[in-house]
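>>> Structure of the sequence below:
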Amino acid sequence: MTVVAIDGPAGAGKSTVARELAAALGFAYLDTGAMYRAVGLLSLRAPDRAPGDLARAARIELGERVRLDGEDVTEAIRAPEASEAASRVAADPAVREALVARQREIVGQGDWVAEGRDVGTVVAPGAAVKVFLTATDDERARRRARQSGQDHAAVLAEQSRRDERDSTRPTSPLLLAADAVTVDTDGLSVGEIVQHIVGLVRSATGAVD
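Residues are numbered from 1 along each chain as shown. A predicted model of the protein is given here:
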């Protein structure tokens, strides 16, 4: 069993890099952020229910499409309001407890590339390779604005609020693991980043071509 942890702030390129890395290595891919987005979406639909209760009861299926209680929510969880809700519920200790338990169960079997904000520090602290992706604030906002079609300035402002919330929450804050390798994605193609991490994995596991 080999786990590669990909962490970093919003807009650093985690999802794209992790998905391509998993394909290059022949590993399964886990998007932990999609789980929080799903619970965030539920919190918008059922604001009278405690987020922790929603997280414990939710049936979240991950894959090419994301299904929530049987409904395909792949696009819905990427909407700006769902992203904002995800950041809010992710600060709830009960939500994190429920979802981290599921994530640990998932990566406990087989080879995985798992991405999120606390994979290397909380979900899989024993991961064979830990990578922390970074990029400048402006570059991260530019990427997210291009993906969502939102105004760059609005994305930058929301990104700042989310970074503050993610890095200061008392439970599982966004932190750089002591043994993580930091990769600045500014100016690098996805292919270049993936190949760099593939090299780290092969070095750590003794794998050869």
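>>> tell me the contacts of the closest residue to Phe132 other than its chain neighbours?
Nearest residue to Phe132 in three dimensions, chain neighbours excluded: Ala180, at 4.5 Å (Cβ to Cβ, 6 or more residues apart in numbering). To be clear about C-beta, it is placed using only N, CA and C from the backbone, and glycine gets the same treatment. With contact set as Cβ atoms under 8 Å, 6 or more residues apart in numbering, Ala180 has these partners: Ala5, Asp7, Gly120, Lys130, Val131, Phe132.
>>> any idea how far the residue positioned nearest the centre of the chain is from Lys14?
For the chain, the residue nearest the mean C-alpha position is Gly116 (2.4 Å; Cα atoms, centre = their mean). According to Cβ to Cβ, to the nearest Å, Gly116 stands 7 Å off from Lys14.
>>> likewise Glu61?
Taking Cβ to Cβ, one finds Glu61 at 21 Å from Lys14.
>>> The two: which is more packed in?
More crowded of Glu61 and Lys14, by other Cβ atoms under 10 Å: Lys14, with 24 against 13.
>>> which ones are touching that one?
Counting by Cβ under 8 Å, 6+ apart, Lys14 has contacts Ile6, Asp7, Gly8, Gly33, Glu115, Gly116, Leu133.
>>> let's see 10 Å
6-8, 31-33, 115-117, 119, 131-133, 185 (Cβ atoms under 10 Å, 6 or more residues apart in numbering).
>>> If anything else comes up later, I'll come back, but that's it for now.
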